[in-house]
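Undergrad: sequence and computational prediction follow.
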Amino acid sequence: MKRLSSKHEAFATLAQVWPSFAMKLITIDSLTVAYSGVVALKNVSFQIDAGEIVTIVGPNGSGKTSLLKAIIGAIVPQEGNVDVKSGLKIGYVPQRLNLDPTLPISVGRFMRLSDKSSKKECQRALEQAGVAEIMTKQMSELSGGQLQRVLLAKALLGSPEMLLLDEATQGLDQPGAAEFYKQIEKLREETGCAILMISHDLHVVMSASDRVICLNGHICCSGTPQAVAATPEYKELFGADTDGALALYRHNHDHKHDHNDKNPSNSTEATH
Amino acid sequence: MLDDFMVRAFLAGLGLALVSAPLGCFVVWRRMAYFGDATAHAAMLGVALSLAIEADVFFGALIFAIIMAWLTTQLSGRNYAMDTLLGVFSHSFLAVGLVIVSFISGVRIDLMAYLFGDILAVSKSDLGVIWVGTLVVLGLIIWRWTPLFLTTLNEELSYASGFNPKREQLFLTVALGITVAVSIKVVGVLLITAMLIIPAASARNIARDPEMMVLVAGVVSCISVILGLRSSYVFDTPPGPTIVCVALAIFIVLNLINTLRRLKL
């Protein structure tokens, strides 16, 4: 595939016109995950194409983390399957580290923990993540934003085709989160890497995403940020009085749908 | 050379020092201090049962240490919090063990030897068991270093890097079981955790990276054993507790130095 313009708009448009251009990186097909009988995810299906930014939003307990775990293979689904393109390089950005203050480790050492990357590659990854000057600092001395970027830099080692971010902005303040998402967007432009993030800071995420999937045990709705924001399901989940991308996040755990159809995941497809 | 009980004591102590340093670092990093304690207490039941059926104390302790570690990881999060479960099992295993020992007739058993160790009574075969255990644990940790370390930092990250955190947890559990079993003769069930944690905590003051911390912890352990044994000989004090006291002294000194260094900056 020829490298198209780095502008994702152009890419997205082309991908729509010629679907064969859009390489499927991950195909999730009727995925059901349950923990000792309690269903966390039911009949979830979606795909991620090369170069796409997909955001999964949903309240706590909506199965976001289960979905991510199923993708990296940390849990075995009860039904359905997760089909990952063979040889796909995934960079995983965890939510946080269990970094006990008694654990001494420098940023440079952390970067090279499981990768055999050179110092130069680590330096480059740190630059890409927006933290160039902290190679020799101790991990325990970093601020929340710096730590998040180091985790991102580690995931960038080995030039992944896809980044998985688990609530990457938790613990960052609003401007910090916005900065972080700008970095992610820039990264996609520079590297063409697909990005799947799980988040609940809705209004910052949505502007950067090509596609938003609203999750609450099943897929409530999905589509472009604007289309999703217009759906009643989304308004029910995230507050009705807000318009689109500026929705404020609310923890509505017990929202109700009036769908009685057998396939709740496709109840509303606000497709693009 | 091995016919001298002092030489055997030094060798046993050094074996313990080498095994407790890397494992102690993981115990500290993973906040498993209480877990180590509970495993050690549970080992007492293994000791008692081994004495009752005249089996080898090392294996009895090893089996119960591993059962304890396995039980708590399996049961935690169901109905009780981890520390509640550990409290229930560890102290009841210890109590049941002590009661069983009291029923054993015939040979008079010196309980103190198991509670606080009896390093001066280490036999040649004990020495063999201690060093085999030490080498097994060291080998295990060197072999699994990166995945163990990654799992400590974040389980999903470890998964995403192609490791299985559950399996790594199992390795650590087995290593802890072996360490406890090996340490009983040297410092006894009540002081094992001290030898795991104090050297590692001391090393934190100096180390800038994880491997360095393990090395420094090893050095602190070895110095504690050598000085501790020597002092216990000179002052006629019980060796196990004396070794722990030396480790504590090193901990205090290193912390003071570290504090002074920071104040100057």
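TA: Now that the structure is in, tell me what you want to look at.

Undergrad: any part of stretch A:98-111 near chain B?
TA: Yes. Using C-beta under 8 Å from any C-beta of the partner chain, stretch A:98-111 reaches chain B at A:98-100, A:102-106, A:109. Glycine gets a C-beta too; all of them are placed from N, C-alpha and C.

Undergrad: again with stretch A:198-217
TA: No. Between stretch A:198-217 and chain B, judged by C-beta under 8 Å from any C-beta, nothing touches; the nearest distance is 11.5 Å.

Undergrad: for that stretch, measure first residue to last.
TA: With C-alpha to C-alpha, to the nearest Å as the measure, stretch A:198-217 spans 14 Å from end to end.

Undergrad: in helices, which of the residues of stretch A:98-111 next to chain B appear?
TA: Among the residues of stretch A:98-111 next to chain B, the residues falling in helices (DSSP state H) are residue A:109.

Undergrad: and which of the residues of stretch A:98-111 next to chain B is nearest residue A:178?
TA: Nearest to residue A:178, judged by C-beta to C-beta, of the residues of stretch A:98-111 next to chain B is residue A:99 at 24.8 Å.

Undergrad: turn the residues of stretch A:98-111 next to chain B into TSV, including pLDDT and neighbour count.
TA: Listed next are the residues of stretch A:98-111 next to chain B as TSV, based on pLDDT from 0 to 100; neighbours: other C-beta atoms under 10 Å in any protein chain shown:
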residue	pLDDT	neighbour count
A:98	86	14
A:99	86	18
A:100	85	14
A:102	86	18
A:103	91	24
A:104	92	23
A:105	92	23
A:106	91	18
A:109	89	19
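
Undergrad: need the residues of stretch A:98-111 next to chain B in TSV (columns: distance to residue B:137).
TA: Listed next are the residues of stretch A:98-111 next to chain B as TSV, based on distance: C-beta to C-beta, whole Å:
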residue	distance to residue B:137
A:98	23
A:99	25
A:100	21
A:102	20
A:103	20
A:104	22
A:105	22
A:106	27
A:109	23
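
Undergrad: helices of chain A, residue ranges please.
TA: Ranges of helices in chain A, per DSSP H, are A:8-17, A:64-72, A:107-111, A:119-128, A:144-156, A:174-191, A:202-208, A:225-230, A:232-238.

Undergrad: for the second one, C-alpha coordinates in PDB please.
TA: What it means is helix A:64-72. Backbone C-alpha positions of helix A:64-72 (Å, rounded to 0.1, in the frame of the first residue of the first chain) are rendered in PDB as follows:
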ATOM      1  CA  LYS A  64     -13.800  -1.600  28.200                       C
ATOM      2  CA  THR A  65     -10.900  -3.200  30.000                       C
ATOM      3  CA  SER A  66     -12.200  -6.700  29.200                       C
ATOM      4  CA  LEU A  67     -12.300  -5.800  25.600                       C
ATOM      5  CA  LEU A  68      -8.700  -4.600  25.700                       C
ATOM      6  CA  LYS A  69      -7.600  -7.700  27.600                       C
ATOM      7  CA  ALA A  70      -9.300  -9.900  25.000                       C
ATOM      8  CA  ILE A  71      -7.400  -8.100  22.300                       C
ATOM      9  CA  ILE A  72      -4.000  -8.600  23.900                       C
END
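
Undergrad: if the residue in chain A that chain B sits nearest to is in a bridge, with which residues?
TA: Nearest residue of chain A to chain B: residue A:92, at 3.5 Å (C-beta to the nearest C-beta). Going by DSSP bridges, residue A:92 is paired in beta bridges with residue A:164.

Undergrad: what sits closest to the spatially most central residue of chain A if chain neighbours are left out?
TA: With distances taken as C-alpha atoms, centre = their mean, the residue of chain A nearest its centroid is residue A:197 (0.9 Å). Once flanking residues are discounted, residue A:197 sits nearest to residue A:165: 4.0 Å by C-beta to C-beta, 6 or more residues apart in numbering or on different chains.

Undergrad: burial count for residue 126?
TA: Defaulting to chain A. Around residue A:126 there are 24 other residues, counting by other C-beta atoms under 10 Å in any protein chain shown.

Undergrad: the chain in question should be chain B.
TA: Neighbour count for residue B:126, taken as other C-beta under 10 Å: 20.

Undergrad: what do you get for the one 4 residues further on?
TA: When counting by other C-beta under 10 Å, one arrives at 26 neighbours for residue B:130.

Undergrad: equivalent analysis for the one 10 residues further on, please.
TA: The number of residues packed around residue B:140, counting by other C-beta under 10 Å, is 18.

Undergrad: what does the helix or strand in which it is found rub up against?
TA: Assessed by DSSP states H and E, residue B:140 sits inside helix B:124-143. If you take C-beta atoms under 8 Å, 6 or more residues apart in numbering or on different chains as the criterion, helix B:124-143 is touched by B:2, B:8, B:11-12, B:15-16, B:18-19, B:22-23, B:26, B:58, B:122, B:148, B:171, B:174-175, B:178-179, B:181-182, B:185-186.

Undergrad: what's near enough to touch the nearest residue to residue A:24 once chain neighbours are set aside?
TA: In space, and not counting its chain neighbours, residue A:24 is closest to residue A:47: 5.2 Å by C-beta to C-beta, 6+ apart. Residue A:47 makes contact with A:24, A:26-28 under the criterion C-beta under 8 Å, 6+ apart.

Undergrad: report the buried members of those residues.
TA: Among those, those classed as buried by 16 or more other C-beta atoms under 10 Å in any protein chain shown are A:26, A:28.

Undergrad: closest one of the contacts of residue A:47 to residue A:39?
TA: Checking the contacts of residue A:47 against residue A:39 by C-beta to C-beta gives residue A:28 as the nearest, at 16.0 Å.

Undergrad: coming back round to it: show the pLDDT at the residue nearest to residue A:24.
TA: For residue A:47, the model assigns a pLDDT of 89.

Undergrad: still on that earlier bit, now, the contacts of residue A:47 that are in strands?
TA: A:24, A:26-28 (DSSP state E).

Undergrad: would you list these in JSON lines and tack on pLDDT?
TA: Converted to JSON lines, these look like this (pLDDT from 0 to 100):
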{"residue": "A:24", "pLDDT": "86"}
{"residue": "A:26", "pLDDT": "90"}
{"residue": "A:27", "pLDDT": "91"}
{"residue": "A:28", "pLDDT": "90"}
